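Colleague: Fold the following.
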Amino acid sequence: GVLRGLHYQKGEWSQAKLVRVLQGRVYDVAVDLRRSSPTFGQHIAVELSSDNKRQLFIPRGFAHGFAVLSDTAVFAYKVDNKYMPSAEASIRFDDPAIGIEWPIPAADMILSPKDVNAGSLDQAELF
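Modeller: As a prediction, this is how the structure comes out:
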């Protein structure tokens, strides 16, 4: 029931990432935060698992989140920029403007305080 996101890094610290699951199963989500994009505010969601060996490329200007569908999950991330704590930002995983249908019930979600307290898309610092 672990759910993380939606996370991104702002400004010069924005990151593109290639995500893969080495063990377990996750529902992985990317949200377009680029104001000038025709897909602004829209998301894509895919199941990544150690069985299907799929990878998801998340470009700069996108937020990322996931829900763990198995007892445990191990990820591999490849990123094109360093992590900078002062540049991290979050958008609510349940923002109705984005409309993600997470595959786990809200009562079963295990959330960090950062994710519970994240702002909405209309409050976010965007690209």
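
Colleague: Could I get the full set of helices for this structure?
Modeller: All helices of the chain, identified by DSSP state H, fall at 113-116.

Colleague: mind listing the strands for this structure?
Modeller: Using DSSP state E, the strands of the chain run over residues 3-9, 17-23, 25-32, 43-49, 55-58, 62-68, 74-79, 88-90.

Colleague: and the first one, how far out from the chain's middle?
Modeller: In this case it means strand 3-9. Relative to the chain's own centre, strand 3-9 is displaced by 4 Å; criterion: C-alpha atoms, centre = their mean, to the nearest Å.

Colleague: Also the fifth one?
Modeller: Mean-position distance between strand 55-58 and its chain equals 11 Å (C-alpha atoms, centre = their mean).

Colleague: I'd say Gly1 and Asp108 touch.
Modeller: Yes - with contact defined as C-beta atoms under 8 Å, Gly1 reaches Asp108; the gap is 4.2 Å. Yep, even glycine has a C-beta here, placed from its N, CA and C like the rest.

Colleague: so who does Phe44 touch?
Modeller: Just to correct that, residue 44 is Ile rather than Phe. With contacts defined as C-beta atoms under 8 Å, 6 or more residues apart in numbering, Ile44 is in contact with Val29, Ala30.
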